[in-house]
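**Q** Test case, fold it:
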Amino acid sequence: MLKISSTRFCFLLTLALCSFMMSGVSASDLQTKTGVGSGELYKIDFPPPFVDAALKTENIPLDKVEKITSLLQAKHDFIHEKAKEIGAKRPVRNPFDYPPMEDAIADIFHDVCWDVYSSVMKSNGIQDEKIIQDSFEYIQQQKVKDYVIYQHSMESPKGHSQGH
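**A** Take a look at the predicted model:
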């Protein structure tokens, strides 16, 4: 299984999970989320601009790009339900219980997202594991970058006010 930097991924997915759990975002809400600006896309399991870019980089035909992107957006509720289901089966304790176990949650989300992504790609005729892995990693890296932009934008107003 593909693994990007576990520290980055854990941090990103934990934040995304907490954001979704607190906001109550559902799959139907994601249609309005596709127009969100940079610094907010990290909250979406598979941000359409990142999926589009990843698949186009791999020379996936446009009709498949659109279908894959749409199918991944439709999997939002499934991803979160499956992650919670896996967490509930943990022998020690459910990592989603308070206080949350961020590393365990991130690992669960990574695995569920990977399984969903790989399945959607294969069901659309993309069988090359390297293409699937590379495009998945690209999407995850873009989410990390987007989160960094978000963090920077949150810190910028404070930094400017201190200088004046």
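
**Q** For the chain, give me the ranges with low pLDDT.
**A** Filtered on pLDDT under 70, the chain yields the residue ranges 1-39, 156-164.

**Q** Pick out the residue nearest the middle of it.
**A** The chain has residue 45 as the residue nearest its centroid, 3.1 Å off, counting by CA atoms, centre = their mean.

**Q** roughly how far apart are that one and residue 52?
**A** Note on residue 45: its distance to residue 52, by CB to CB, to the nearest Å, is 15 Å. Heads up, the C-betas are built off the backbone N, CA and C, glycines and all.

**Q** what sits against the residue nearest to the centre of the chain?
**A** 16, 72, 75, 76, 79, 113 (CB atoms under 8 Å, 6 or more residues apart in numbering).

**Q** helix, strand or coil for it?
**A** Under DSSP: H, G, I helix; E, B strand; the rest coil, residue 45 falls in the coil class.

**Q** Phi and psi next, for it.
**A** Dihedral pair for residue 45: phi -50, psi -50, per degrees, to the nearest 10.

**Q** And the one 3 residues further on, by the same measure?
**A** Reported as degrees, to the nearest 10, the phi and psi values for residue 48 are phi -50, psi -40.
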